[in-house]
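1. Test case, fold it:
(chains A and B)
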Amino acid sequence: MAKEAVLEITPQSRDFSRWYIDVIRKADLMDYAPVRGCIVFKPDGFELWERCQAGLDRRFKETGHRNAYFPTLIPASFFEKEKEHVEGFNPELPWVTEVGGERLEEPLALRPTSETVIGYMYSQWIHSYRDLPVLINQWANVFRWEKRTLPFLRTSEFLWQEGHTAHATEEEARAEVMRMLDVYTDFVENDLSIPVYRGQKTPSEKFAGAVETYSLEAMMKDGKAVQAATSHYLGTNFAAGFNIRFLDRDNELKLVHTTSWGASTRLLGCIVMVHGDDRGLALPPLIAPTQVILIPIGGPKDRERVVAEARMILAELQAAGIRARLDDREEFRPGWKFNEYEMRGIPLRVEIGPRDLDAGQVVLARRDTLEKMAVARPGVAGVVRELLSAIQQNMFRKAQTFQAEHSFSAEDMKELAEIVGTTEAGTEEETAGAGAGGEAGGEARSRIGGFALAGWCGRGECEARVKEETKATARVIPFEIPSHLHLTPPKRCVACGEPARFPVWFARAY
RNA sequence: CGGGGUGUGGCGCAGGUUGGUAGCGCGUCUGCUUUGGGAGCAGAAGGCCCGCGGUUCAAGUCCGCGCACCCCGACCA
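-> Numbers count the residues shown, from 1 in each chain, chains lettered A, B, ... in the order given. Down below sits the predicted model:
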């Protein structure tokens, strides 16, 4: 049976970035807005975000956080209170400078993040150790006017969540930072089926204003990295800038220790680029807006009884808490619908036709393996429920295998460059060999890179040299090297050859 | 902000070098036949060819100036 991919989607092996744009548009997740770099989240795309919100929000609440909302507009003077912070964000800030044709006395920035306003408010709310800790999260839109934009991964306005907490001690603040990193890992790996490497950012890659930044790094199917979420220990930097002090048990006036942590609509880009294939989107069941699509099959003479049966199955699935939909439109034929819903990433399809009715069965088709199976009609809901859970796990395993197959250790600059995919020569052969399934065709051009585990002496100049020569950046200094990778970190700095002080994951990044 | 590319019915493109009635595929509409992997036939609608200026009897095509978007580099969740 024919299993060629849908024609409207550019194969990943030919041009990965075009593939990405094709998929998000064909799956109807977004559209371009009139303002450059801004996008519309269409209902299917937005619902993915709503499910991310639900999964994260539940976990935030379970760890004692509460939601609040701070204004979008931030006074210019606020940005001057933390030196590194201003320098970090100045180039990307959009400003409101006039209202009704009159110049404002103090320009207002559209927030790129809210450390400053929240710091200001916290200074008024916190007076005593009894007021601590403050554990607040905000769901909001933020603005960062980037030079180059890409839907979901880098847009001028995006949606995210930012947690901001204040603590009496460094230990407690640091524990919060790690706890939230665990929360993100749990969500990303279990709900989104995306495996990540966790660790600490190098000084040059950390958040502007943070003492330390930690992150989760996911690997896209072209081997490039995306930071899936971050968690920062801000020390007393913002407390000092905004004068957030409290009177402690020992009657001493002290600065609070703050943290902030965030995840954005960038996660949607990760879902697409981690699970998608040449047939389109593939969604993990837990966040798929529609988990099961029912497709009735058969001509006019069978239609009535087939659709009646399909409705019964639909009701059973819905009663079992499964997000199922029936597509009984007559203007599209079954084959068309198969392709359409695969393109939209629906995890599981139920096909029901006259032959199934006669045999007392239905046909189930998995999006993750494209496998079809006939199962007995009685008890379908139970089987479907188990399959959805199997799909969820299989998608994680597949992504983890891909991640492992594209993770290598690099002893020197040349190896590192080859791994991350910046070597110019011999592009085509290397692409085919890299595990894409060797997508045929001499015109293949996109190549799959990967993550390189290298030694690092800790000097910024060595890190800069790697970036200069290979276009790869230091993603994280990993907490641990997963044992299934069977990799040992090199003992010497990949750039200067001096003894390495840290292992670092290097990769090209979005 | 530098380098390259592209702007032509809703979408994807051809036409351009050699100026002369604007074309193809997909989609849309109507009708009939179809329905287990993007159905077939018949008919139909739909375009100030990105904008402005110029050359010419005549410009989608040639010249100038803009604008927009895409790709590649320096900044970033």
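
2. least trustworthy helix or strand in chain A by mean pLDDT?
-> When the helices and strands of chain A are scored by mean pLDDT, DSSP states H and E, helix A:427-433 comes last with a mean of 35.

3. Could you look up the next helix or strand downstream of that helix?
-> Following the chain from helix A:427-433 toward its C-terminal end, the next helix or strand by DSSP states H and E is strand A:451-456.

4. can you give me the offset of that next one from its chain's centre?
-> 22 Å (Cα atoms, centre = their mean, to the nearest Å).

5. list the helices and strands that strand packs on?
-> strand A:407-410, helix A:413-420, helix A:460-470, strand A:473-478, strand A:502-507 (3 or more Cβ pairs under 8 Å, 6 or more residues apart in numbering; DSSP states H and E). In this view, the C-beta of every residue, glycine as well, is placed from N, C-alpha and C.

6. Buried residues, stretch A:317-329. List them.
-> A:L317, A:I322, A:R323, A:A324, A:L326, A:D327 (16 or more other Cβ atoms under 10 Å).

7. neighbouring contacts of it?
-> A:288-296, A:307, A:310-311, A:314, A:337, A:341, A:350, A:380-382, A:384-385, A:388 (Cβ atoms under 8 Å, 6 or more residues apart in numbering).

8. ditto for stretch A:382-401
-> Applying Cβ under 8 Å, 6+ apart, the set of residues contacting stretch A:382-401 from outside is A:189-190, A:193-195, A:274-275, A:282, A:284-286, A:291-292, A:317, A:320, A:322, A:347-348, A:350, A:364, A:366-369, A:375, A:484.

9. domain parsing for chain A?
-> A:16-275, A:292-401, A:406-507 (automatic domain parsing).

10. so which of those gets nearest RNA strand B?
-> domain A:292-401 (2.4 Å; Cβ to the nearest atom of the strand).

11. Now, of the contacts of stretch A:317-329, which are buried?
-> Buried residues within the contacts of stretch A:317-329, counting neighbours by 16+ other Cβ under 10 Å: A:288-296, A:307, A:310, A:314, A:337, A:341, A:350, A:380-381, A:384-385, A:388.

12. Cross those against helices and list the overlap.
-> Residues of the buried ones among the contacts of stretch A:317-329 located in helices (DSSP state H): A:V307, A:A310, A:L314, A:K337, A:Y341, A:V380, A:A381, A:V384, A:R385, A:L388.

13. Please save the CA atoms from stretch A:305-314 in CSV.
-> Extracted C-alpha coordinates of stretch A:305-314, given in CSV (Å, rounded to 0.1, in the frame of the first residue of the first chain):
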residue,chain,number,x,y,z
ARG,A,305,-25.1,1.8,9.1
VAL,A,306,-21.4,2.6,9.1
VAL,A,307,-21.9,6.1,10.4
ALA,A,308,-24.4,4.9,13.0
GLU,A,309,-21.7,2.5,14.3
ALA,A,310,-19.1,5.2,14.2
ARG,A,311,-21.3,7.4,16.4
MET,A,312,-21.6,4.6,18.9
ILE,A,313,-17.8,4.2,19.1
LEU,A,314,-17.4,7.9,19.3
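
14. is it anywhere near RNA strand B?
-> No. On the criterion Cβ under 7 Å from any atom of the strand, stretch A:305-314 is out of touch with RNA strand B, staying 8.0 Å away.

15. Flag every residue of the stretch 351-500 of chain A that's near RNA strand B.
-> So far as Cβ under 7 Å from any atom of the strand goes, the stretch 351-500 of chain A lies against RNA strand B at A:351-357, A:363, A:365, A:370, A:372, A:467, A:471.

16. which of the residues you listed tops the neighbour count?
-> Greatest neighbour count in those, by other Cβ atoms under 10 Å, goes to A:I352: 24 neighbours.

17. my read: it touches A:R311, true?
-> No. Shown here, A:I352 and A:R311 do not form a contact pair, counting by Cβ atoms under 8 Å, at 10.3 Å.

18. For stretch A:198-207, buried residues please.
-> For stretch A:198-207, burial by neighbour count (16+ other Cβ under 10 Å) applies to A:R198, A:G199, A:Q200, A:K201, A:T202, A:E205, A:K206, A:F207.

19. Might you enumerate the residues of the stretch 51-200 of chain A proximal to RNA strand B?
-> A:88, A:91-92, A:144, A:146-150, A:153-156, A:158, A:160.

20. can we see that at 10 Å?
-> The interface of the stretch 51-200 of chain A toward RNA strand B, taken as Cβ under 10 Å from any atom of the strand, is made up of A:87-92, A:112-113, A:142-160, A:162.

21. Now intersect those residues with the strands, please.
-> Within those, residues falling in strands by DSSP state E are A:V142, A:F143, A:E157, A:F158, A:L159, A:W160, A:E162.

22. Same list, those residues, but as TSV with neighbour count and distance to A:R447 please.
-> Formatted as TSV, those follow (neighbours: other Cβ atoms under 10 Å; distance: Cβ to Cβ, whole Å):
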residue	neighbour count	distance to A:R447
A:V142	19	33
A:F143	19	34
A:E157	17	32
A:F158	22	28
A:L159	18	32
A:W160	18	31
A:E162	21	36
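
23. What is the most widely separated pair among those residues?
-> Using Cβ to Cβ, those span at most 14.6 Å, a distance reached by A:E157 and A:E162.

24. Chain A: helices as residue ranges?
-> Going by DSSP H, chain A shows helices at A:16-26, A:43-62, A:83-89, A:115-125, A:170-186, A:237-242, A:266-275, A:300-319, A:334-343, A:354-359, A:380-405, A:413-420, A:427-433, A:460-470.

25. any idea of the angle the second one forms with helix A:16-26?
-> For helix A:43-62 and helix A:16-26, the angle between their directions (axes from the mean of the first three to the mean of the last three Cα atoms, to 10 degrees) works out to 90 degrees.
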